[in-house]
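A.B. asks: With the sequence up front, the predicted model follows.
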Amino acid sequence: MSTVRVDHLTTSGTFSLDGGTWEVDNNVWIVGDEDEALVVDAAHDADAIARALGGRRLTAIVCTHAHDDHIDAAPALAEATGAPVLLHPDDRPLWDLTHPGRAPDGELADGRTLTVAGTGLTVLHTPGHAPGAVCLYAPALGTVFTGDTLFAGGPGATGRSFSHFPTIIDSIRDRLLTLPPETVVRTGHGESTTIGAEAPHLQEWIDRGH
């Protein structure tokens, strides 16, 4: 049995919402073995992601949420590979801002387990940054893919449409900080961290957010 690994590439583009546009670098995560893989957040560059797959069969394109910088390359990658695009239905209004007329192929639900190369990734619905934001917890890999819910240094932004600060704090406290402290947090932007490194700062974030 071939070894499951996590590959990482950084893609660059823009994020637009509420009339503003910002330059951003996004983390794209590829989980799989030599034969098949799953992509977490098809950001900006479908060709670069396809090259990183290296001919492996793509089983799914999982969207941690539907801000345009995390989904802009998803339809093109799906077309190139035949893989379904999966999104939590609560983020459909955000998705439709970027891809009107092209629905996601499947829905993510809290507690659903996606399996790639014999390894399970459990969907954790973690609203706050976006209504349908999810994280993917892979206990066998000792890691959680948090999108823009939790970063090294605190919660994702909640200052724009469809976001809510108390909700993201509840999601982080109840769904993420309960994971084993050694769990590696692989984020949507920037450096990785661990649950144990972030957990002591919850009250600081709450105080900062008010």
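C.D. replies: Received, thanks. Residues are numbered from 1 along each chain as shown.

A.B. asks: these two touch, right, Pro127 and Pro89?
C.D. replies: No - counting by CB atoms under 8 Å, Pro127 stays clear of Pro89, with 11.9 Å between them. C-betas here are computed from N, CA, C, even on glycine.

A.B. asks: quick one, which of those two is more surrounded?
C.D. replies: The residue with more neighbours, out of Pro127 and Pro89 and counting by other CB atoms under 10 Å, is Pro127; that gives 22 against 13.

A.B. asks: Now do the contacts for that one.
C.D. replies: Pro127 makes contact with Asp90, Ala133, His164, Thr167, Ile168, Ser171, according to CB atoms under 8 Å, 6 or more residues apart in numbering.

A.B. asks: Phi and psi next, for Asp96.
C.D. replies: The phi/psi pair for Asp96 (degrees, to the nearest 10) reads phi -70, psi -20.

A.B. asks: What ranges in this protein fall below the confidence cut-off?
C.D. replies: For the chain, applying pLDDT under 70 flags the ranges 1, 210.

A.B. asks: And the strands in it?
C.D. replies: Ranges of strands in the chain, per DSSP state E, are 5-17, 20-32, 36-40, 57-62, 85-87, 106-107, 113-116, 119-125, 134-138, 143-147, 150-151, 154-155, 184-187, 193-194.

A.B. asks: most packed of those strands?
C.D. replies: strand 143-147 (a mean of 27; mean count of other CB atoms under 10 Å).

A.B. asks: Show me what it is packed up against.
C.D. replies: If contacts are counted by 3 or more CB pairs under 8 Å, 6 or more residues apart in numbering; DSSP states H and E, strand 143-147 sits against strand 134-138, strand 184-187.

A.B. asks: Return stretch 107-117 as PDB; C-alpha atoms alone will do.
C.D. replies: What follows is stretch 107-117 as a C-alpha-only set of coordinates in PDB (Å, rounded to 0.1, in the frame of the first residue of the first chain):
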ATOM      1  CA  GLU A 107     -22.700  19.100  -1.000                       C
ATOM      2  CA  LEU A 108     -20.500  18.800   2.000                       C
ATOM      3  CA  ALA A 109     -22.300  18.100   5.300                       C
ATOM      4  CA  ASP A 110     -21.000  18.200   8.900                       C
ATOM      5  CA  GLY A 111     -19.700  14.800   9.900                       C
ATOM      6  CA  ARG A 112     -19.400  13.400   6.400                       C
ATOM      7  CA  THR A 113     -16.100  11.600   5.800                       C
ATOM      8  CA  LEU A 114     -14.400  11.900   2.500                       C
ATOM      9  CA  THR A 115     -11.900   9.000   1.800                       C
ATOM     10  CA  VAL A 116      -8.900   9.300  -0.500                       C
ATOM     11  CA  ALA A 117      -6.200   6.600  -0.700                       C
END
